[in-house]
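[1] Build me a structure from this.
(2 chains)
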Amino acid sequence: MAGAGGDMQWCLSQAKGSLDDDVTEADIISTLEFNHTGELLATGDKGGRIVIFQQEIENKRQPQYRSEYNVYSTFQSHEPEFDYLKSLEIEEKINKIRWIPQKNAAHFLLSTNDKTIKLWKISERDKRPEGYNLKEEDGRYRDPSTVTSLRVPVFRPMDLMVEASPRKVFANAHTYHINSVSVNSDNETYLSADDLRINLWHLEITDRSFNIVDIKPANMEELTEVITAAEFHPHQCNTFVYSSSKGTIRMCDMRASALCDKHSKMFEEPEDPSNRSFFSEIISSISDVKFSHSGRYMMTRDYLSVKIWDLNMESKPVETYQVHEYLRSKLCSLYENDCIFDKFECCWNGNDSMVMTGSYNNFFRMFDRDHRWDVTLEASRENSKPFQVIKPRKVCAGGKRKKDEISVDSLDFNKKILHTAWHPQDSIIVVATTNNLYIFQDKMN
Amino acid sequence: MFPKGTKRKFSDSGEEPVPSGEQGQPAPSAAARTLSSSYSLQRQSLLDMSLIKLQLCHMLVEPNLCRSVLIANTVRQIQEEMTQDGTWQIMTQALAAAQCPADRLVATEVLCRQTDMAAQAGQSPKPFSVVGLEEGYHSEEVVMDGDGDTEVTMSTLSTVSPQLSSASYLPGPFGMGPCWEEEEEEGECEEDEEEDSEECVSEGEEADRDHLTGDSRTGEQVFGTFEIKHPAPPPDPALEELFSDVDASYYDLDTVLTGMQSAPKMGPYDLLESLSSHGPTALSSSTSCRSDLNELDHIMEIIVGS
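    Predicted coordinates:
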């Protein structure tokens, strides 16, 4: 692994997607996830499709080409549905993809839209049986009378075919929109969370799920808080956390009771009274929560910052990183154009020393926890040539703008990076702009 | 990225409608806030904007509950502050004083609908939804049809007697006669009812009573959006003055306007007007804009603070 973040030099390796400025709605990337080895990268889009990229293994030995990812499989995961009872369309947009740890040659992942979770099996076929006695190669049956000798069919190599097939469909368990899916460390169960409830499933059982969190008030008029994200602890199979629109994170222990409405820990940072405004609550709403790989920390993303929490300390985060503090004075217009409701995600690197999250203008931010160093980078084809180190960017909040800086008013709020992913074992990062995927690698001399 | 806004009216152009500066300045006292008219106008603009946002979500295919809840909380916060300041009382009194012959007060549900699995969870149906369930819901138009002798007040809506009543509207259990509409709306209302009865019929095997959009929505949101419409007859000058200021300041909020404002001079009330001028048909055809009259009464109670 590379050293301190400050030593890192990121180069654009690949940019995937349409070059058009006109974005087709269906192509908008809605989720991004590496598998546990980093060999596979899954993306989901608004059109309900999943595209899986595979790392070129031969290139792994040549460090400068190790981040070449090519399409491995493409399939339609979810279709648009119409709920006739409510006269509402159910979007096919893929909200989350989570990989199941690999047990055999096939790969399994969970993908979900607003209402339905599906377990997909992705398997390779590179051999096919040939030499049947009763069948021709094209499948036609042979006249038995023409068979004069018997042979044993053998497997012969064929062009690699990657097949994706839905193995399980977990439906009809969510009234509200599913925002999270998380596989338990026991590899048998997983949770799915919507705005008001969290359900626990067994991967093998589709017709039953257990409701483990329910924050729906008896009188919906009293609703003031929703669940925004949920995740299982990476090692403790009885522990999970869920975040809320009020900026709190609750940790629950499933051993305590069947319905985990009472949290075992609640993480909340008291509000800074000097920063109070009508938008305080909205910007405190947590859009993503991620445990560290070690399981000792968790990271939350709210509108303006990333916070690292020690699971043993509920009163405040141990680290806070400002993503784009210059937006604080623009909250009113961001409220007006709805950008204040954008849900940014965040991710850890493989050894939990760095974290990354997206911003506007196709900028994304990286924070080195150990060395207290941060950088703003841009995902753009114009400003990056393959294998050239990309330049850090800087936003000028006010006053005199230096030469290479960009002023806050020039930021393009339609170009937002909501989804980022970090290779679990290597310094390779993937960043999704609206409809393009950018893969960067650390130069590593 | 953002089109330029209109010329600033106030000299304090950099202000945001916040009680304290973001640069860490101490919050001004309540008294100072009351005195600051630009602050209160900006707060009013924020309130208007929020109400529009809540209303617009009816037009969306799948409303985002998180966004709706956050906006509703913002509205609630503003209303609480305005009530403390006494500004809210002033606003309701201004409406009470207005005597406008053809004014129409339109109240609609603001939160987008969600189904309620109450039936499945074994919960009892929501108190306010019971009446409307079998009949379906209609976009709510409370029309004060009078020649100036009907007083329009927020707090007395429930006692105004109906002047016109259409079979397609059901009276609320609170005896709140008011859902009567002008003749030209009748056709649309009947259309509403047809669609509603179709919906009732198409209720599937789930036996989930809460599928009817109004039910879950009526139970969900306290606030109503009140639109004062000024049709052809000249509007009341007092009202006009009250809201014209608000209109202008709405655009002075920031140096940049968003794409949300398609026409330069369109104020929040104009926006609401154009929404409902697409007709209850449009709204109900997406079956998203119906509300229970009982809910209106309840909304009134809460907003007035009784």
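
[2] Let's see the distance spanning stretch A:323-338 from one end to the other.
    18 Å (C-alpha to C-alpha, to the nearest Å).

[3] quick one: average confidence on that stretch?
    Stretch A:323-338 shows a mean pLDDT of 95.

[4] Give me the buried positions along it.
    Within stretch A:323-338, the residues that qualify as buried are A:323-324, A:326-338, counting by 16 or more other C-beta atoms under 10 Å in any protein chain shown. The C-beta positions use only the backbone N, C-alpha and C, and glycine is treated the same way.

[5] hang on, A:His202 packs against A:Glu188?
    Yes - here A:His202 lies in contact with A:Glu188, judged by C-beta atoms under 8 Å, at a distance of 6.1 Å.

[6] ok, those two, which is more surrounded?
    Ranked by neighbour count (other C-beta atoms under 10 Å in any protein chain shown), A:His202 and A:Glu188 place A:His202 first, with 16 against 13.

[7] so who does the residue lying closest to the more buried one once chain neighbours are set aside touch?
    Distances taken as C-beta to C-beta, 6 or more residues apart in numbering or on different chains put A:Thr189 closest to A:His202, at 5.5 Å, once the chain neighbours are dropped. By C-beta atoms under 8 Å, 6 or more residues apart in numbering or on different chains, the contact list for A:Thr189 reads A:200-203, A:237.

[8] circling back: which ones among the buried residues of stretch A:323-338 come in contact with chain B?
    By C-beta under 8 Å from any C-beta of the partner chain, the members of these lying near chain B are A:328-333, A:335-338.

[9] A:Leu12 is in contact with A:Asp442, isn't it?
    No - taking contacts as C-beta under 8 Å, A:Leu12 lies outside contact range of A:Asp442: 11.8 Å.

[10] Roughly how far does A:Glu124 sit from A:Arg66?
    For A:Glu124, the distance to A:Arg66 equals 21 Å [C-beta to C-beta, to the nearest Å].

[11] what about these two, which has more around it?
    A:Arg66 (20 against 14).

[12] A:His423 is in contact with the more buried one, correct?
    No - if you go by C-beta under 8 Å, A:Arg66 and A:His423 don't touch, sitting 9.5 Å apart.

[13] and A:Thr24, how many neighbours does it have?
    Neighbours of A:Thr24 under the rule other C-beta under 10 Å: 12.

[14] where's it relative to A:Asp338, distance?
    As judged by C-beta to C-beta, A:Thr24 and A:Asp338 stand 21 Å apart.

[15] Parallel or antiparallel, list what pairs with the longest strand along chain A.
    Identified as the longest strand of chain A according to DSSP state E is strand A:154-170. When sheet partners are counted by DSSP bridges, strand A:154-170 sits next to strand A:117-130 (antiparallel).

[16] quick one: buried residues of the partner strand?
    Buried residues in strand A:117-130, defined by neighbour count with 16+ other C-beta under 10 Å: A:117-120, A:122.

[17] Looks to me like A:Thr357 is in a strand.
    Yes - assigned with DSSP: H, G, I helix; E, B strand; the rest coil, A:Thr357 falls within a strand.

[18] Would you check how far apart the residue nearest to A:His202 and A:Ile429 are?
    Distance, A:Thr189 to A:Ile429, using C-beta to C-beta: 30 Å.

[19] And A:Arg98, by the same measure?
    Distance from A:Arg98 to A:Ile429, by C-beta to C-beta: 19 Å.

[20] go on, A:Leu40?
    Relative to A:Ile429, and taking C-beta to C-beta, A:Leu40 is found at 16 Å.
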